[in-house]
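Student: quick one, what's the 3D model for this:
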Amino acid sequence: MSNLKQYRQSEKLLVIMPTWVGDCVMAIPALRSFRQLYPNAHIAALVKEGSMSVIEDCPYLDQIIPIRKRPASSDEPKGSGPVKIARYLSKQNFDTAILLPNSFRTALLARMALIPRRVGYDRDGRGFLLTDRLMVRRENGKFIPVSTLDYYLGIARYLGAQQPEHRMELFTHADDDAKALDMLKKGGWTPDDGKPLVMLNPGARYGEAKMWFPDRFAAVAKMCVEKLGATIAITGAPRERKILDEVIKSTDVPMIDLSSMGMDLKLLKSIVKQADLMVSNDTGPRHIAAAFGVPVVTVFGPTDPRWTEIDFEHERIVRVDVFCGPCQKRTCPLDHRCMTQVTPEMVFEQVNELLEANPQQEASA
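Tutor: A predicted model of the protein is given here:
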C-alpha cells in the first residue's frame with residue numbers, strides 16, 4: 001500500500017510503448033487507466049517513430065517522445081541508440097517507468113536512465129532490472145495465451161485500477177480527417193453516395209504465413225461490388241506494394257488504391273473512420289478499425305486469436321482448425337492448410353452479415 005501511495009504522488013511517469021502498430025492500439029486502454037489513476041501526473045510515452053501516429057492526439061498523454069534515427073528537434077533524443085535515449089531520459093527526471101513491452105532492452109534502458117521505479121513483467125531475464133516485477137502466467141513451463149490488451153491492463157490493475165475498461169479508442173486531427181475525405185472523393189467515393197465503403201488490408205508484418213492470398217481478397221472484393229454495391233479501397237504499407245498490386249491485378253473490380261495516393265498512418269486512421277467495414281489479416285489496421293467501431297472480418301491462419309483478442313462485438317474471425325495449428329510460425333513448413341482452407345465465400349458470408357447489421361450507420365443516425 002505504501003508503494004502505491006508513493007506512486008500516486010509521482011509527478012512524472014514514462015510509459016514505454018510497444019513496437020507494433022496493433023499493440024500500440026491495444027495499449028490505449030492502459031494509457032486511459034494510468035491517466036484515471038494519476039490525473040495530476042505528467043505522463044509521457046516513449047515510442048518508435050513508425051508507431052508514433054497511433055498515439056498522436058491522445059488526451060491521456062502530456063508528452064510523446066519519439067525514437068528516431070534523425071531527431072526532428074532539439075527536444076528529442078539525439079538518435080535511436082540506447083545510450084543516447086537513456087541520456088535524454090535521465091535529464092527528464094521521471095519518477096517511474098512503466099514497461100509495456102517484454103524486452104530486456106526496454107528494462108535496461110529504464111535502468112540506464114536512472115528512473116527510480118521500473119514496473120513491468122518479469123520476462124526475458126530482465127527481472128533484476130525491475131523494481132516491480134509482475135509474474136506471467138505459465139502452465140507446464142509454457143506461457144498461457146493472454147490477450148495483449150488484457151496483458152497491458154494487468155499492469156494497470158497491479159497499480160490499483162479497479163475493473164479497467166477494455167474499450168479501445170483512437171484519436172484524429174480535423175485536418176487529417178479533411179485530407180482523408182478528399183482522398184476518398186478523388187478515388188470516387190463520398191459518404192452520401194449510398195455505397196458501403198469496404199477496405200481491404202491484405203498485408204501483414206509478422207510473415208507470409210499470416211497473410212491470406214491476394215486472389216482471395218480480390219474475390220471477396222468482387223462479391224462485395226456485385227452483391228452489395230460496395231466501393232472497395234485497398235490499403236497497405238509501402239513495403240506491401242507487391243501484395244497490393246497482386247490483389248488489384250486479380251480482379252477487374254475498381255479499387256481506391258490508398259497507398260499510391262500518399263496515405264500514411266495518420267491518414268489511415270482518418271480513412272478507417274469513414275469505412276463501413278474492413279477485411280483484414282491479423283495485423284495493425286484490424287485494431288485501428290475496431291478502435292473506431294468499424295466492423296472487421298479478420299482472417300486468422302498460424303496465429304492464435306487468444307493473443308490478440310480485442311473483445312469487439314462487431315468483429316468476425318474466420319479460421320479453420322488444423323492439426324498443426326496454431327503454430328505461430330512466420331513461414332509454413334507444410335502446405336499452409338490453415339489459410340488454403342479459408343475460402344472467399346466463408347469471408348464474404350461474414351462481411352454480408354456485418355453490413356446487414358451496419359452499426360456504423362446506426363451510430364450516425
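Student: how close does F104 get to R123?
Tutor: Separation of F104 from R123 (Cβ to Cβ, to the nearest Å): 8 Å. (Glycine included, C-beta is placed from N, CA and C.)
Student: those two: who's more crowded?
Tutor: Counted by other Cβ atoms under 10 Å, F104 and R123 do not tie: R123 has more neighbours, with 19 against 13.
Student: contacts only, for the more buried one.
Tutor: 102, 136 (Cβ atoms under 8 Å, 6 or more residues apart in numbering).
Student: which SSE is it in?
Tutor: Taking DSSP states H and E as the definition, R123 sits outside all helices and strands.
Student: let me know the pLDDT of it.
Tutor: pLDDT, R123: 94.
Student: again with N358
Tutor: The model reports N358 with a pLDDT of 67.
Student: before we move on, what about Y151?
Tutor: 96.
Student: likewise for R330?
Tutor: 81.
Student: likewise for A72?
Tutor: In the predicted model, A72 carries a pLDDT score of 85.
Student: got a list of what it touches?
Tutor: Residues near A72 by Cβ under 8 Å, 6+ apart: P66.
Student: and what about it, helix, strand or coil?
Tutor: Classification of A72 using DSSP: H, G, I helix; E, B strand; the rest coil returns coil.
Student: next, give phi and psi for it.
Tutor: phi -90, psi -20 (degrees, to the nearest 10).
Student: now do it against I64, distance only.
Tutor: 12 Å.
Student: so where's the longest strand in the chain?
Tutor: Longest among the strand segments of the chain by residue count, using DSSP state E, is strand 42-48.
Student: restricting to C-alpha, output that strand in CSV.
Tutor: The C-alpha trace of strand 42-48 is given here as CSV (Å, rounded to 0.1, in the frame of the first residue of the first chain):
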residue,chain,number,x,y,z
HIS,A,42,2.9,14.3,-16.2
ILE,A,43,2.6,11.2,-18.4
ALA,A,44,5.0,10.7,-21.3
ALA,A,45,5.1,7.9,-23.9
LEU,A,46,8.4,6.7,-25.5
VAL,A,47,7.5,5.3,-28.9
LYS,A,48,9.3,4.3,-32.1
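Student: who are the packing partners of it?
Tutor: In terms of contacts (3 or more Cβ pairs under 8 Å, 6 or more residues apart in numbering; DSSP states H and E), strand 42-48 is packed against strand 12-16, helix 21-37, helix 52-55, strand 63-67.
Student: give me the average confidence score over the first one.
Tutor: Averaged across strand 12-16, the pLDDT comes to 97.
Student: same deal with the second one?
Tutor: Rounded to a whole number, the mean pLDDT of helix 21-37 is 97.
Student: the helix or strand that contains L267 to helix 21-37, inter-axis angle?
Tutor: Taking DSSP H and E as the criterion, L267 maps to helix 265-274. Between helix 265-274 and helix 21-37, the angle comes out at 80 degrees (axes from the mean of the first three to the mean of the last three Cα atoms, to 10 degrees).
Student: is it correct that D57 is in contact with T172?
Tutor: Yes: using Cβ atoms under 8 Å as the test, D57 is close enough to T172 to be in contact (6.4 Å).
Student: more neighbours: those two, which one.
Tutor: A count of neighbours by other Cβ under 10 Å puts T172 above the other of D57 and T172, at 20 against 15.
Student: check contacts around the more buried one.
Tutor: T172 touches 57, 266, 269-270, 273, counting by Cβ under 8 Å, 6+ apart.
Student: same question, P191
Tutor: 181, 274.
Student: now do it against L197, distance only.
Tutor: 8 Å.
Student: any idea of the mean pLDDT in stretch 239-248?
Tutor: On average, the pLDDT along stretch 239-248 is 94.
Student: what residues of that stretch count as buried?
Tutor: 240, 243-245, 247-248 (16 or more other Cβ atoms under 10 Å).
Student: what does stretch 29-39 give?
Tutor: The neighbour-count check on stretch 29-39 (16+ other Cβ under 10 Å) flags 29-35, 37-38 as buried.
Student: how about it as CSV, C-alpha atoms only?
Tutor: In CSV, the C-alpha atoms belonging to stretch 29-39 read as follows (Å, rounded to 0.1, in the frame of the first residue of the first chain):
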residue,chain,number,x,y,z
PRO,A,29,-6.9,1.3,-22.6
ALA,A,30,-3.9,1.0,-20.3
LEU,A,31,-3.0,4.6,-21.0
ARG,A,32,-6.5,5.7,-20.2
SER,A,33,-6.3,3.7,-16.9
PHE,A,34,-3.0,5.3,-16.0
ARG,A,35,-4.5,8.8,-16.5
GLN,A,36,-7.5,7.9,-14.4
LEU,A,37,-5.2,6.6,-11.6
TYR,A,38,-2.9,9.6,-11.7
PRO,A,39,-4.9,12.6,-13.0
